[in-house]
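Participant: all I have is the shape, not the residue letters:
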C-alpha cells in the first residue's frame, strides 16, 4: 500500500484519470481556439468535437476501472452525485440550451 492507503493499481487508475481530465481540458481549449467542428490538427480526419467525445469516453472508462478497483465508489453514489450536480448547474447557469 502507498501513503494514500491505496494499492498500486488504484493509484495508477487515479493517475490515468487525472491525465485524461487534462486531455479533456486541452480539447476544450482547442475548441475555443479553432472551433468545435473544425478538423483537429493533432488528429486529421476528426473534428474537435469528435476528439472531445473520445476524451470524455476515456474518462468514463477510467471511472469504471476506478469503481471496479474497490476504492469504495459505487454506481449509486455516482448517480446521486451526478443528480446533485445537474440540479446545481441548471439552477446557476446563465444560458439556456435553446
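Facilitator: Done, it's in. If you're wondering where the values come from, they're calculated on a predicted model, not measured in any experiment.
Participant: ok, the residue most central in space within the chain - contacts?
Facilitator: Nearest to the geometric centre of the chain sits residue 59, at 4.0 Å (Cα atoms, centre = their mean). Residue 59 sits next to 17, 20-21, 24 when contact means Cβ atoms under 8 Å, 6 or more residues apart in numbering. Any C-beta I mention is one placed from the backbone N, CA and C, and that applies to glycine too.
Participant: tell me which of these fall in helices.
Facilitator: Of the positions in those, 17, 20-21, 24 sit in helices, assigned by DSSP state H.
Participant: narrow those residues to those that are buried.
Facilitator: Buried members of the ones in helices among the contacts of residue 59, scored by 16 or more other Cβ atoms under 10 Å, are 17, 20, 24.
Participant: please tell me the pLDDT value assigned to the last one.
Facilitator: What the model reports as pLDDT for residue 24 is 98.
Participant: next, the contact list for it, please.
Facilitator: 52, 55-56, 59.
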